[in-house]
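Chemist: Pasting the sequence and the predicted coordinates here, then a few questions.
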Amino acid sequence: MAIEKTQTAASKTKRADFASLEHLFGSKTRSRLLSLFMHHSERKFFVRELSREVGAALHAVRRELDNLEKLMILKSAESTDLNESGKKEKKKFYWIDKNAAIFPELQALVLKAELFIERNLASHIARLGTFYYVALTGRLCGGSDAPVDFFLVGEANSEGLAVFLKHLGDEVGYEINYTILNSQEFMERKALTDRFLFGILEGKKTVLIDRLAELEEKKDSEKK
């Protein structure tokens, strides 16, 4: 049975040439906050929770939240809870104002920008090898229970892939955990109904490249 290759990328070369919401909104923290609020428009978030979610310092998050509230995109309120010492502590939480005049246009802009980024990612990753399947999973598609953030099937330029994922990690604010299986490993795991593999294939994901049907046909023809 193939051994799982879960790695973290690291390099100091030039950043990859894919777009980010930062270019549209002028601030990495602001773009991450907007994306988070748009994808979770029913939720209310505390400041420290937002800091963890977007991978930014508290002061930067507070500054951008203040800006977005002044623009009447966000609303806020305070609640009083007991801290670990049993003392009352005020906490401020925020949510997106779906009744804001700009909300429909802003939501459409964020989603269209993310779609463009996904297409740009797919185009960039395709130049790094021969892939039958590439998917964003885990934190990269808004989930947290997947064991990896990036899943690939195929053959890659390992150095180029490491550089790419390092830059992607810089964009999103955390190291990208990824798994790459060659075509034989993938087929072996699929035949064994491997729990890890099917957890990825059946879980929440954003598929960038899907040529698995082509791979299946290739393997069938080789058996004949």
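Modeler: Arrived safely. Remember, it's a predicted structure, so these values are computed and weren't measured experimentally. Numbering: from 1, shown residues only.
Chemist: Show me the shaky parts of the chain.
Modeler: 1-26, 82-83, 111-112, 114-116, 142-144, 171-173, 224 (pLDDT under 70).
Chemist: domains for it, by residue range?
Modeler: The chain breaks down into these domains under automatic domain parsing: 6-20+115-223, 21-107.
Chemist: Need the ones you listed in TSV (columns: mean neighbour count).
Modeler: All C-beta spots, glycine's among them, are computed from the backbone N, C-alpha and C. Compiled in TSV, those are given as follows (neighbours: other C-beta atoms under 10 Å):
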stretch	mean neighbour count
domain 6-20+115-223	17
domain 21-107	15
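Chemist: ok, now which ones touch residue 30?
Modeler: By C-beta atoms under 8 Å, 6 or more residues apart in numbering, the residues touching residue 30 are 64, 67-68.
Chemist: Could you do residue 67 as well?
Modeler: Contacts of residue 67 (C-beta under 8 Å, 6+ apart): residue 30.
Chemist: ok, so what distance separates it from residue 136?
Modeler: Per C-beta to C-beta, to the nearest Å, residue 67 is found 28 Å from residue 136.
Chemist: Now do the strands in the chain.
Modeler: For the chain, the strands defined by DSSP state E cover 6-8, 45-46, 74-82, 88-96, 129-136, 150-156, 177-181, 206-210.
Chemist: where does the fifth one sit relative to the chain's centre, distance-wise?
Modeler: Centroid separation between strand 129-136 and its chain, computed with C-alpha atoms, centre = their mean, to the nearest Å, is 16 Å.
Chemist: same question, the second one
Modeler: Chain-centre distance of strand 45-46: 20 Å, with C-alpha atoms, centre = their mean.
Chemist: Over to the third one?
Modeler: How far strand 74-82 lies from its chain's middle: 28 Å, per C-alpha atoms, centre = their mean.
Chemist: Pull up the pairing partners for that strand, direction included.
Modeler: strand 88-96 (antiparallel) (DSSP bridges).
Chemist: Now do the partner strand: distance to the chain's middle.
Modeler: Centroid separation between strand 88-96 and its chain, computed with C-alpha atoms, centre = their mean, is 26 Å.
Chemist: For residue 80, give me its contacts.
Modeler: Counting by C-beta under 8 Å, 6+ apart, residue 80 has contacts 88-91.
Chemist: can you redo those as TSV with distance to residue 200?
Modeler: Converted to TSV, the contacts of residue 80 look like this (distance: C-beta to C-beta, whole Å):
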residue	distance to residue 200
88	45
89	40
90	42
91	36
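Chemist: What is the nearest of these to residue 216?
Modeler: Distance to residue 216 across the contacts of residue 80 (C-beta to C-beta) is lowest for residue 91, with 52.3 Å.
Chemist: Is that closest one in contact with residue 78, as I believe?
Modeler: Yes: judged on C-beta atoms under 8 Å, residue 91 makes contact with residue 78 at a distance of 6.7 Å.
Chemist: where exactly do the helices run in the chain?
Modeler: Assigned by DSSP state H, the helices in the chain fall at 21-25, 28-39, 47-54, 58-70, 103-126, 158-172, 183-191, 195-202, 212-223.
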